[in-house]
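Undergrad: what's the 3D shape of this:
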Amino acid sequence: MSEGHRITIEQGAQHVRVERDGVLLAESRRPLLLRETGLPVRYYLPPEDVRTDLLTPSENHTYCPFKGTASYWSRPDAEDLVWAYPDPKPDVAQIKDHFCFYDVAVVSG
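TA: Have a look, this model is predicted:
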């Protein structure tokens, strides 16, 4: 990590749901909470808790110098709705293959 930039990951117990247009895309009670300097907390959900059958892999990829290369998935009405790091950098290895959505509802703590 560069000086002044931090990423911490902890196991959460929040009940997290992701819905889009009334369709439940993910629900988990075991998200990983990723906190990164200057960014909002992100919830990385285990693949077993995500309806991957409702998502289509995207052609898009982005690179983060701290986390690695992200792959994206879309819905017909929402391009690049969710991303994951199939081969994350060693410092954030815990998030491997976990899915992160832009819009997450925390149902309870």
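
Undergrad: So which residue is dead centre in this structure?
TA: Using CA atoms, centre = their mean, the residue of the chain that lies closest to the mean C-alpha position is Cys100, 1.4 Å off.

Undergrad: So that one belongs to a strand, correct?
TA: Yes. Counting by DSSP: H, G, I helix; E, B strand; the rest coil, Cys100 is found in a strand.

Undergrad: Need the pLDDT of it.
TA: Among the per-residue scores, Cys100 shows a pLDDT of 97.

Undergrad: Can you name the residues that contact it?
TA: Counting by CB atoms under 8 Å, 6 or more residues apart in numbering, Cys100 touches 34, 42-45, 82-84. Every residue, glycine included, has its C-beta placed from N, CA and C.

Undergrad: tell me the two of those that are most distant?
TA: Leu34 and Val82 (14.1 Å; CB to CB).

Undergrad: more neighbours, those two?
TA: Looking at Leu34 and Val82 with other CB atoms under 10 Å, you find the greater number of neighbours at Val82, namely 25 against 22.

Undergrad: Quick check: bridge partners of that one?
TA: With DSSP bridges as the criterion, the beta-bridge partners of Val82 are Trp73, Phe101.

Undergrad: I figured it hits Leu55, correct?
TA: Yes. Taking CB atoms under 8 Å as the definition, Val82 is a contact partner of Leu55 at 6.4 Å.

Undergrad: shared neighbours of these two, anything?
TA: Common neighbours of Val82 and Leu55, counting by CB under 8 Å, 6+ apart, are 25, 73.
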